[in-house]
Structures are given as structure tokens and as C-alpha cells.
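*Asks:* Next come a sequence and a model predicted from it.
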Amino acid sequence: MTARNPHPPRHPATHLAHAGRDVHAHGGRTVNPPVARASTILFDDLASLREGYLRRQEPDFVQYGRSGTETHIALRQAWSGLEGAEDTLLLPSGLAAVVATLMAFVEAGDHILMIDNVYAPGRKACEGLLRPMGVETSYFDPAVGAGIAALIRPNTKLIYLETPGSHSFELCDVPAIVAVARERGIATALDNTWATPLLYRPLEHGVDVSVQAGTKYLGGHSDVMLGLAAARAEVAQRLRTVCDLMGYSVGADEAYLALRGFRTLEVRLRRHEASALEVARWLQQRPEVERVLHPALPEHPQHALFARDFDGACGLFGMVLVPGYDERAIAAMLDGLAYFGLGYSWGGFESLIVPSPIEKMRTATAWDAPGRTLRLHIGLEDPGDLIADLQAGFERLGRAARAAE
Ligand SMILES: *Cc1c(COP(=O)(O)O)cnc(C)c1O
């Protein structure tokens, strides 16, 4: 099931509107593919049942519901096109995609090098799941660059990256790290949830697996859990084996919702980007803010890497407050916000804010910010309304801090 008229060199916006929509393949005339919910797939006769069993590992063969239906295939093909991948595996959550990627490259006795700014549950999986199974993980400074060479052990099988980190917003020099990995035959994977393949394409930089929490911007509406792992065919086959052995499965409704989010990914991201930059620049002027953590700002310490490698930014960034605000003052600020929800995840249409205890999330490097860090997700609201909401929040913060003196 390929797009009916795929002109390969097309603009991503055109790809978003047309990929994964072969109306003839599903025998209908609807714009969108159907939500093909299935456990059982029926075969015409015994011979085709037997043949289906033999073909069950083929990426686009629908043999049993667990490995997906036409709806899943449409999403996988659409996403692969955006990533520049030969195939994409779908998983029940972003974390499942992280863990499946780790599992695809290691066995007992192996070693993983993981970036210190990694999404914290990925680190937990290394310590809680892989370490007891005999796989050791060590963590490295995001600023390591080509210095990664000194950290490689004879049993290192995978270097796992995330850029920027989704709390600290540090960037790493992917091409420098990948060059070392390739020379030594070590696989690389990168959590690309922040940028999505619209703004950064890890596979173009030589990374073997691009991991995405589809829960975030792809879903885009805070109503779906999904993970994706995109790779060239031979790596995807390793991922498929893990998914198969682990029994991972994604519902057709989730796949459909993600495909629906896919259509508007670019317009949403551009709006998130513009509004987040407007809010970030306003925050830079505030006396309560020690620094804003946003890679698209020229003041960001690795802005040069951002300018070199990325096509834009999303709506997620952080701010470090000046020191001296205690928990009660922070609560006074956050509890009274009208438009910023307090909650995890991000990438939906709505704005969010959460404290980021970055110092507790890392082991290889220290986090030296003087004050508390807050992470903001700038949604699709009017940025002026969001700024007014934050301004009132800062006033509450100041009053609470003065009252405590
Ligand atoms: C949210 C997130 C994940 C995990 O996604 P879930 O769908 O919540 O499991 C992985 N990586 C990053 C960077 C994330 O922000």
C-alpha cells in the first residue's frame, strides 16, 4: 500500500498531506484509510492460511492483528517517508519504542553508552531491566563530541542519544559521535521527539534508529499513546523481532489518530515554534528569570549546533529562575495559572508547565543552574494571552517570596 502517485522529491508539507493515503488499496473512496480494527484476519482457504503464516514476518503483510492492519501500514509508510527511513515500527508508547530500540542491539555481557540528558525512564529501563539481565550502561556528558571514542569499551554495542534533552535542552554533536561509532561498528539511536523528523532527521546524520514518542507532537491532541522507531530495512528487522518477541501491539485507533495528527504536523509545529520563541524572548527580559533554555536562542551555549543541524524548533523549552524562590512561592505562581496546565507529557495543542529537577536526572555530569528550573510547553493559544498569564504568575511569585521574608 504505497501512495498512489508518489513523487519522491516533494516538500514535507506535501508529503504530510498525501502519504499513506492510497484510496484504491483499501477499495474505497474516502480521503482517509479506514480504521481497520482486528485481532483475527481471515484467509480464503487453507493454502492461503499456510502462506500467510510463512509470510508473517514481512513488514507489510497483514497476518494477525498484533502486527498491524492497513491503518498501521499507512502510518508506517507515511512516517518512514518523513524520516527518510525504509521502515518504521509502531509501539504502544514512546517509552516502549525506547526500550525496544535498546533491546534490539544488546545481549548479556554488552555495554550501552547513554547520553546523560536522556529521557529519565530510558535510564530507568537500563538500570532496572537491562542491568539485571547482564547489560551494563554508562552515561556520558552531552558535550562529549568526538571524545566519545575514549568511552567506548570492547563490548559497547549501542550509543544512545537525545538532542536536545527534553529538560536541560543541551544539544550534542551528532555527526561527531556517529563518525566515531561507525568507525567502530557500533550502532547509534536517537530520541528525536523534540524536533520530529520535520525539523531534524537523524537518519540523514548517519544514526541507525530514530525514536519518536508519537504521544507528543504526532498525536498532537493529548489523547493518544504511541511510539515509533524508524530505520533502514535491516535494522528495522531487528526491531521487528523484538516487537514480535515482546508481544508489542498498537491499536488501530491509535494508529489512525496519529495519522490524523500527521496531516497537520507542520502547521502546528510552526505555530508552536513561533509562539514559544515569543514567550521565550519575553522571559529573557524578566528579572525573575536567570536564563532561558532554548536552543534556537543565540544565547544558548550550543546554538551553533542547532543552527547547523536543525530546521526549526518546537514549543518545548525551559527557564531557570533566579535563586531564592521556595516551593510555596513556586506553587503560588503555578497554581494560579489560567492557561498553563500542570502535567507531564507535551506536544498537544495546550500549554503546560512543570518543575524540572534536572540535577536529579543525571549521573555523569552536574547541573549547575543556581535556581529552580521550570519546563514550558507553549501550545496553540495566543502567545499574548500566555505572556499575560505568566506575568500574573510572576507577580504571585514575587508576593509569595516577599511574604516569606
Ligand atoms: C514522553 C517522552 C518519551 C516517552 O513517550 P511516552 O509515549 O510517554 O511513553 C520518550 N522520550 C521523550 C523525549 C519524551 O518526551
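*Replies:* Structure received. In this text the structure is predicted, and so the values were computed from the model without any measurement.

*Asks:* Please list the residues of the stretch 301-405 of the chain that sit near the ligand.
*Replies:* residue 345 (CB under 6 Å from any ligand atom). Bear in mind the C-beta positions are built from the backbone N, C-alpha and C, glycine included.

*Asks:* 8 Å instead, please
*Replies:* Within the stretch 301-405 of the chain, the positions adjacent to the ligand are 344, 345, 346, 347 by CB under 8 Å from any ligand atom.

*Asks:* And the strands in the stretch 151-300 of the chain?
*Replies:* Remark: strands assigned in the stretch 151-300 of the chain by DSSP state E, counting those that start in this stretch are 156-162, 187-191, 209-213, 227-231, 289-293.

*Asks:* What residue spans form the domains of this protein?
*Replies:* Annotated domains of the chain cover 12-263, 266-403 [automatic domain parsing].

*Asks:* Quick check: which of the ones you listed is buried the most?
*Replies:* Of the domains of the chain, the one with the most neighbours on average (mean count of other CB atoms under 10 Å) is domain 12-263, at a mean of 20.

*Asks:* That one near the ligand at all?
*Replies:* Yes. Contact of domain 12-263 with the ligand (CB under 8 Å from any ligand atom) involves 93-98, 119, 121-122, 162, 166, 191, 193-194, 211, 213-216, 225-227.

*Asks:* now, which of the residues of the stretch 301-405 of the chain next to the ligand sits nearest residue 205?
*Replies:* residue 347 (22.2 Å; CB to CB).

*Asks:* per-residue confidence at that closest one?
*Replies:* Looking at residue 347, its pLDDT is 97.

*Asks:* Would you agree it is in contact with residue 214?
*Replies:* No. Applying CB atoms under 8 Å, one finds residue 347 not in contact with residue 214, separated by 9.0 Å.

*Asks:* I'd like to know which of the strands of the stretch 151-300 of the chain is closest to residue 282.
*Replies:* Among the strands of the stretch 151-300 of the chain, strand 289-293 sits nearest to residue 282 (CB to CB), with 9.5 Å.

*Asks:* so what does that closest one touch, helix or strand wise?
*Replies:* Using 3 or more CB pairs under 8 Å, 6 or more residues apart in numbering; DSSP states H and E, the elements in contact with strand 289-293 are helix 265-284, strand 316-321.

*Asks:* Output the ones you listed as a markdown table; include the columns mean pLDDT and distance to residue 241.
*Replies:* Output for the helices and strands packed on strand 289-293, formatted as a markdown table (pLDDT from 0 to 100; distance: least, CB to CB, whole Å):
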| stretch | mean pLDDT | distance to residue 241 |
| --- | --- | --- |
| helix 265-284 | 98 | 29 |
| strand 316-321 | 98 | 33 |
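
*Asks:* what residue ranges in this protein score low on pLDDT?
*Replies:* Scanning the chain for pLDDT under 70 picks out 1-9, 26.

*Asks:* Spatially, what comes nearest to the residue of it found nearest the ligand if we skip its sequence neighbours?
*Replies:* Closest contact between the chain and the ligand, by CB to the nearest ligand atom, is at residue 94 (2.2 Å). In space, residue 94 comes closest to residue 213 once its chain neighbours are excluded; the distance is 2.5 Å by CB to CB, 6 or more residues apart in numbering.

*Asks:* Same question for residue 162.
*Replies:* Leaving aside its chain neighbours, residue 162 sits nearest to residue 191 (4.0 Å; criterion: CB to CB, 6+ apart).

*Asks:* beta partners of the one you found?
*Replies:* residue 162, residue 211 (DSSP bridges).

*Asks:* Is it correct that it is in contact with residue 99?
*Replies:* No. Judged on CB under 8 Å, residue 191 makes no contact with residue 99 at a distance of 11.7 Å.

*Asks:* Need the residues touching each of the two.
*Replies:* Common neighbours of residue 191 and residue 99, using CB atoms under 8 Å, 6 or more residues apart in numbering, are residue 122.

*Asks:* sorry, back to before: what's the most distant pair in the residues of the stretch 301-405 of the chain next to the ligand?
*Replies:* 344 and 347 (11.2 Å).

*Asks:* if I look at the closest residue to residue 233 other than its chain neighbours, how far off is residue 20?
*Replies:* Distances taken as CB to CB, 6+ apart put residue 86 closest to residue 233, at 4.1 Å, once the chain neighbours are dropped. Remark: distance between residue 86 and residue 20 (CB to CB, to the nearest Å) = 15 Å.
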